[in-house]
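Novice: make a model of this:
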Amino acid sequence: MTPLEATYPEPLCDLKAQLTALGDRFYPKRAVWISSRTPFWMARELGKLDLRDDLITWWRFPGGMLVTADWWLVERLEANPCEETLADILGYTMPKSEIGGIPVVVQALHEDCVIWEQIVSCEGAPAAVDRASRLAPQTRMLSMLECLRRRRRLIEEEQHAAEKEKDPPPGRGAAA
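Specialist: Numbers count the residues shown, from 1 in each chain. Modelled structure (predicted):
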């Protein structure tokens, strides 16, 4: 058993897409994992989403939060709070503990936003690509470094945009 740990946060656009997919019967998505490293400003924005609160459960675990409409998934992770259980709940083809060699990241996309993402060994990539293609018509595979760079770039852009929205426009005749 591998203990649950916080991962590098995902961009707000991806988290919104994942939560939207969770509430859409078109997508066979059962749960979303939100890292406890997710910045507060992003969590606040996620709280503004129009989700069916009567159907969605947000449950805190070490390393993050499980969001699901299936209460039994929360109970399952509570009974065995480890990466292997979480991997199965999220529909991964293999848990992180089984990844050997150089990992790759497989993503299922909707309008360029990630609705499902799995890190996997090169040997396990075909199964993960098959899984991703059943979740969304658009998929891609990238290196772990490319994935983390994308996340960092998008989070920085989103944070900059959020800060810009908070700053009031300069007033007329303001002292320079």
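Novice: where does the protein dip in pLDDT?
Specialist: Applying pLDDT under 70 to the chain flags residues 52-55, 167-176.
Novice: who does the longest helix along the chain touch, helix- and strand-wise?
Specialist: Looking across the chain with DSSP state H, the single longest helix is helix 144-166. Helices and strands touching helix 144-166, by 3 or more Cβ pairs under 8 Å, 6 or more residues apart in numbering; DSSP states H and E, are helix 12-22, helix 40-47, strand 103-110, strand 113-121. (Glycine included, C-beta is placed from N, CA and C.)
Novice: chain center to the third one, what's the gap?
Specialist: Here the centre of strand 103-110 is set off from its chain's centre by 11 Å, with Cα atoms, centre = their mean, to the nearest Å.
Novice: now swap in the last one and tell me
Specialist: With Cα atoms, centre = their mean as the basis, the distance from the averaged C-alpha position of strand 113-121 to the chain average is 8 Å.
Novice: give me the angle between the following helix or strand past it and helix 12-22.
Specialist: Counting by DSSP states H and E, the next helix or strand C-terminal to strand 113-121 is helix 125-135. Here helix 125-135 points in a direction 70 degrees away from that of helix 12-22 (axes from the mean of the first three to the mean of the last three Cα atoms, to 10 degrees).
Novice: what does helix 125-135 contact?
Specialist: Contact with helix 125-135 is made by 21, 27-29, 91-94, 104, 106-108, 115-116, 118, 120, 139, 141, as judged by Cβ atoms under 8 Å, 6 or more residues apart in numbering.
Novice: enumerate the positions of it that are buried.
Specialist: Ala125, Ala128, Val129, Arg131, Ala132, Leu135 (16 or more other Cβ atoms under 10 Å).
Novice: report the buried residues of the host helix or strand of Arg60.
Specialist: Using DSSP H and E, the element containing Arg60 is strand 57-61. Using 16+ other Cβ under 10 Å as the test for burial, strand 57-61 gives Thr57, Trp59.
Novice: likewise for stretch 51-70?
Specialist: Leu51, Thr57, Trp59, Gly63, Gly64, Met65, Leu66, Val67, Thr68, Ala69.
Novice: same thing with stretch 84-101?
Specialist: 84-96, 98-99.
Novice: picking that back up, list buried residues within the contacts of helix 125-135.
Specialist: 21, 27, 29, 91-94, 104, 106-108, 115-116, 118, 120, 139, 141.
Novice: out of the buried residues of helix 125-135, the closest to Leu4 would be?
Specialist: Leu4 lies nearest to Ala128 out of those, by Cβ to Cβ, at 20.5 Å.
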